Structures are given as C-alpha cells and as structure tokens.
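Engineer: Predicted model and sequence follow; I will ask about them next.
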Amino acid sequence: MDSLNFDFMGNNVKAVVANLCVLAGIQHSDVAYVDVSPTPLNIGDIVLEAAQLHIYPNPTNDHVLISVSGADSDADYHLEIIDEAGRLVVRRSVKLSAGELTLDVSKWDAGVYNVTVRSPGFSLSQNMIVQ
C-alpha cells in the first residue's frame, strides 16, 4: 500500500492507494488466451463467404468482364460503379447470365473505379483500373 498526501482547497488530504490483488491476497495469476474464429450466423453469412467478385482484365482499356462466382446466375443484381471523385458512373440492375457481364469502358477516363455488385444476400466491391 502507498499513501499520497496533497492539499485540496486549503486542506491536507491523505489518500491510501492499495493494489486490489494485494488486498485480496493474490500472489500469482494466470493469463488465458482464447482463439475466436468467426462462425456464420445465418444463411446470408454463408453466401457472403462463398460469393466472390471477379473483374478481368484488370487493368483494362476497352472491355471488362465482371463475374460473381458462388452466386445464383438467375438472381437480379445491382451494379454500381463509382469513379475516383465519388461520382456515380453506372447504376443498374443486371442479370449475370452465365455468371458474367461484359462492360465497354473504352470511352471512360483513365483512373480507378470502385465496382460494387449487390443482391439481397451480399454486397461485393472491388477496384477496377481503366488505362
């Protein structure tokens, strides 16, 4: 235990500081480490783990192929592409027939674009470079 003396508003205050472990008589302690692995909580989490967004070729200068593996090819998806300045370049609903979509980017300015594909079960994003 340690004591601390100080003046407060003209009064001398004496405080006793003690370590809780010392007061409780604890002389030894152990440290336990727990490894926590994420476990899917629902079907949406499982789909999110399985679905992957692919953009190729990347970088590109004319056409790009966008595909989502591990997802339903008959489902409606929402495609959103945003440029470096945060401007919306593309927003539309798409069907990924055969799991892919071809996009003409030959007239786009060179730069980095963020491509996001959404469905009710997941949202996937990846950067695309147009040269």
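Structural biologist: Yep, it's here.

Engineer: Pass me the low-pLDDT residue ranges in the protein, would you?
Structural biologist: 1-4, 6, 8, 15-50, 71-74, 96-99 (pLDDT under 70).

Engineer: Tell me where it has helices.
Structural biologist: 20-24, 43-50 (DSSP state H).

Engineer: Walking through this protein, point out its strands one by one.
Structural biologist: Counting by DSSP state E, the segments of the chain that form strands are 2-8, 11-17, 52-56, 63-69, 76-82, 88-95, 100-104, 111-119, 122-130.

Engineer: wait, what's in contact with residue 76?
Structural biologist: If a contact means Cβ atoms under 8 Å, 6 or more residues apart in numbering, then residue 76 has 93, 94, 95, 119 as its contacts. To be clear about C-beta, it is placed using only N, CA and C from the backbone, and glycine gets the same treatment.

Engineer: now those in a markdown table, with distance to residue 60 and neighbour count?
Structural biologist: Shown next, in a markdown table, are these (distance: Cβ to Cβ, whole Å; neighbours: other Cβ atoms under 10 Å):
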| residue | distance to residue 60 | neighbour count |
| --- | --- | --- |
| 93 | 23 | 9 |
| 94 | 18 | 14 |
| 95 | 22 | 11 |
| 119 | 24 | 18 |
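
Engineer: closest to residue 58 among those?
Structural biologist: residue 94 (18.2 Å; Cβ to Cβ).
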